[in-house]
Structure formats: structure tokens, C-alpha cells
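Peer 1: Based on what follows, work out the 3D shape:
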Amino acid sequence: MKLFEYQAKDLFKKNGINVPTGKIVQSAEEAEEVATEFGIPLALKSQVLVGGRGKAGGIKFADTPSQTYEIANQLLMLEIKGETVKKILMEEKLNVESEFYISVVMDRSAKKPLIMASTQGGMDIEQVAMETPEKLIKYHVNPLEEFLPYQAREIAIQMGVPNPLISKVSGFIFKLFTIFEKYDATTSEINPLVVTPNGVVAADGKFEIDDDALYRQPELLNLVTEEKDEFAYVKLDGDIAVIGNGAGLTLTGMDMLKLYGGKPATFLDIGGGASQENIAQALDLVISNPQVKVVFLNVLGGITRADDVAGGVINVLNETKRKIPLVIRLTGTNEEEGQRILTDAGVSYETSMEAAAEKAVEMARSLN
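Peer 2: Residues are numbered from 1 along each chain as shown. Next comes the predicted model:
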């Protein structure tokens with residue numbers, strides 16, 4: 001599960017990481033009010049779950065309330081990599097003296113958390129790794145041992161952080177790793193970590209949680225409910241819409257379609273805690289795309305319950321005006337009840353992803 005920047009920063013702030021003063025808005029009128037309230041130059045940052053928003057024009061700066069209104073209006077009409085901007089994070093515009101990059105990711109090949117850090121903050125880390133690999137510090141943490149402050153300090157020194165800033169930067173590294181462990185994260189990132197005349201602050205935040213661990217994180221599971229109308233959604237060039245509960249499962253479903261000669265029309269990840277309403281909303285979204293001829297719903301129930309999925313499917317089929325063939329792969333939590341609901345409604349299903357993908361491709365071909 002990915003968090004929006006404002007959610008990640010809320011989490012950072014609760015755990016002692018310094019973030020800029022900010023407020024979330026959903027309209028140009030709200031943005032103008034906040035600008036009047038703050039009375040200082042502001043950064044307006046589109047809230048989307050994809051990267052590259054800066055290059056796509058999703059981050060802008062405003063000096064006056066009227067200018068803020070105009071910019072907010074522009075941003076709320078923006079679509080970035082298939083995601084429509086619905087919320088804007090408004091923050092104080094920072095006076096940047098220098099920038100750093102720090103992150104913690106799960107290195108699956110090494111089976112260990114990996115801390116990466118660089119003095120080249122604000123840039124794509126892939127670009128840093130390619131052009132100046134010596135400036136990217138990598139530090140694997142033994143999961144069987146406690147990560148200690150002195151280790152964070154060693155990383156800051158290896159980065160080449162100026163002496164007066166070593167203790168502050170190492171403090172951010174230590175806290176970032178601490179919340180990575182605390183919340184079962186797969187990615188925890190600050191880019192850039194900014195030095196200002198008033199101190200060091202996390203100017204941006206990225207946080208992703210392992211879907212399979214959400215049952216241990218009720219605080220984060222609530223965020224799924226709060227953002228239930230938000231999906232990781234990307235439009236593609238094919239004719240088979242792919243919906244899955246989890247990015248990995250959705251991608252695997254897409255790969256399976258391609259294996260059988262099909263072409264995905266969407267990537268839509270409903271997340272690990274999807275409700276009946278989420279399922280219905282996701283189906284409505286892809287059915288409204290005229291390019292879509294067949295829908296492939298690939299669900300492996302964990303937190304997401306199979307009976308909720310089935311209920312959402314039936315609701316959409318009963319209400320939608322545009323009738324599109326639907327292929328469902330449904331297994332997992334409450335699968336017997338979910339499969340019974342589908343059977344009673346005369347809707348077929350598969351328990352094998354391979355069989356469902358092959359069936360979806362055959363249906364799409366028959367409609368060409």
C-alpha cells in the first residue's frame with residue numbers, strides 16, 4: 001500500500017521527523033483561504049501515487065492568495081500518468097541551502113533492509129547511481145540485530161555530510177529506519193532532506209507498506225478507508241482491463257495476459273484492504289473506458305474478503321448500462337461464500353489465475 005505524501009509526512013511527524021508546516025486542500029477556494037491564513041510564499045504539491053510529478057508540472061509555487069487560487073485551479077485539472085489530481089498539499093516554501101537523499105528499502109535478493117543515502121538530494125536516485133555511483137552510499141542492516149545510532153552516524157560520515165550537520169542527518173537516518181521497521185514498510189524515503197536557515201527538514205516523503213502486514217497495522221489500515229476512492233490506476237494501450245488487490249498481483253495478472261497474447265488496457269491496484277464499495281468503484285472506472293472490451297478481475301483474498309468482492313461485482317453488473325464481459329479469478333478469505341454469491345447470480349469464476357487470464361484473452365479475441 002502506497003501512502004500519499006501528506007500521509008507519509010503525518011506519519012513522519014508522529015515519529016519525530018521534522019516536516020514543513022502544511023495543509024491539505026481539495027479546491028482552489030480552500031487553497032486561497034490557506035494562503036491568506038499562512039501569509040507567506042507557498043509550495044503547492046499535487047498528491048498522486050506516481051513519481052515524476054515535478055517534471056509533469058505537478059509542483060508549483062505561489063507568492064499571493066490570488067496567484068495561489070489560479071495555480072490550485074490548474075493543478076486540480078491536471079492528470080499525471082493516468083492519475084487525476086484531487087488533493088493538493090500546501091506547504092511553506094523552503095529556503096534551500098543544500099539537499100540530501102535518504103531511503104530504506106527491502107532488498108529481497110539480500111533478504112535485508114538496505115539504507116541508501118547521498119549528498120545528491122532532489123535528483124532521481126537511478127540517475128545518481130548511474131552517473132556518480134561513488135556518491136550513493138549503500139548499507140545493509142542485519143535484521144537479527146538492532147540498528148543503533150552510531151551506525152546511522154557512520155552512514156552520514158560516509159556520505160560526506162559536513163561536520164556540523166552529521167548529528168542532524170544521522171538522526172533522520174536513524175528515525176527513518178525506525179519507522180520502516182515499526183510499520184512493516186517496503187520503502188521509506190526522504191528526497192530531498194533539506195538544509196534551511198531554520199534547520200533540517202524532510203521536504204518530501206514516500207512510504208509504502210507491505211500489504212500482507214496490514215493486519216498488524218490498524219493505524220495504517222484506517223488510511224485505506226479514508227482514501228477508498230483513490231487507486232493506483234494507469235491507462236494502457238490494450239483492450240483488457242486488469243484489476244488486482246496488490247501491485248504485485250496486478251502486475252502478475254498483466255504478465256499472464258501477455259503470455260497468452262492479450263494486451264492490458266489498465267493497471268488498477270485496489271490495495272490490500274479493499275471493501276465492497278472499492279470493488280464496485282474500480283469496476284465502474286474501467287467499464288467507463290471505451291477502449292476496454294473485457295475486464296479481468298484478479299483477486300487473492302487476504303485482508304480483502306472474497307464475499308466483499310463478489311458483492312461489489314454483482315452490484316456493478318446490476319446497475320451498469322454498458323455490459324462488458326467479466327472474467328473473475330477469486331480465491332482466499334471467505335472464498336466459498338464469495339463463490340456462492342457469484343454462482344447464485346449466474347456469474348462464472350475461476351480459481352486459477354492462468355485459466356482466468358487465458359479466458360479473458362479468448363473473449364477479447366472473439367470481440368475483435
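
Peer 1: Pull the number of nearby residues for residue 44.
Peer 2: By other Cβ atoms under 10 Å, the residues close to residue 44 number 25. From N, CA and C alone the C-beta is placed, and that goes for glycine too.

Peer 1: list the buried ones in the particular helix or strand that has it in it?
Peer 2: Using DSSP states H and E, residue 44 falls within strand 42-46. Using 16 or more other Cβ atoms under 10 Å as the test for burial, strand 42-46 gives 42, 43, 44, 45, 46.

Peer 1: for stretch 161-176, same thing?
Peer 2: Within stretch 161-176, the residues scored as buried using 16+ other Cβ under 10 Å are 161, 166, 169, 170, 171, 172, 173, 174, 175, 176.

Peer 1: so which of those comes closest to residue 195?
Peer 2: Set against residue 195, the nearest of those by Cβ to Cβ is residue 169 (8.7 Å).

Peer 1: In a helix, the closest one, correct?
Peer 2: Yes: judged by DSSP: H, G, I helix; E, B strand; the rest coil, residue 169 forms part of a helix.

Peer 1: which residues touch it?
Peer 2: Residues counted as contacts of residue 169 (Cβ atoms under 8 Å, 6 or more residues apart in numbering) are 100, 102, 156, 159, 161, 193, 200.

Peer 1: Which two of those have the greatest separation?
Peer 2: The span of these, defined through Cβ to Cβ, is set by 159 and 200 at 13.4 Å.

Peer 1: which of these two has more neighbours?
Peer 2: Counted by other Cβ under 10 Å, residue 159 and residue 200 do not tie: residue 159 has more neighbours, with 22 against 19.

Peer 1: That one contacts residue 139, doesn't it?
Peer 2: No: the criterion here is Cβ atoms under 8 Å, and residue 159 misses it with residue 139 at 10.1 Å.

Peer 1: What is whichever strand or helix holds residue 365 packed up against?
Peer 2: Element membership of residue 365 [criterion: DSSP H and E] is helix 353-366. The contact analysis (3 or more Cβ pairs under 8 Å, 6 or more residues apart in numbering; DSSP states H and E) places helix 353-366 against strand 240-244, helix 247-259, strand 294-301, strand 326-332.

Peer 1: quick one, which of the ones you listed is nearest to residue 151?
Peer 2: Using Cβ to Cβ, these put helix 247-259 closest to residue 151, at 30.4 Å.

Peer 1: so where is the protein shaky, pLDDT-wise?
Peer 2: The chain contains residues with pLDDT under 70 at 215, 221-231, 272-275, 303.

Peer 1: let's see it at 50
Peer 2: 225-229 (pLDDT under 50).

Peer 1: So which residues make contact with the longest strand along it?
Peer 2: The strand that spans the most residues within the chain, counting by DSSP state E, is strand 185-196. Under the contact criterion Cβ under 8 Å, 6+ apart, strand 185-196 has outside partners 12, 17, 94-106, 121-122, 125, 165, 169, 172, 176-177, 179-180, 200-210.

Peer 1: Could you give me the buried positions within that strand?
Peer 2: 185, 186, 187, 188, 189, 190, 191, 192, 193, 194, 195.

Peer 1: same deal with stretch 196-214?
Peer 2: Buried residues in stretch 196-214, defined by neighbour count with 16+ other Cβ under 10 Å: 200-211, 213-214.

Peer 1: So which of those residues are in strands?
Peer 2: Within these, residues falling in strands by DSSP E are 200, 201, 202, 206, 207, 208, 209.

Peer 1: Tell me what the last one is bridged to.
Peer 2: Beta-bridge partners for residue 209, by DSSP bridges, are residue 185.
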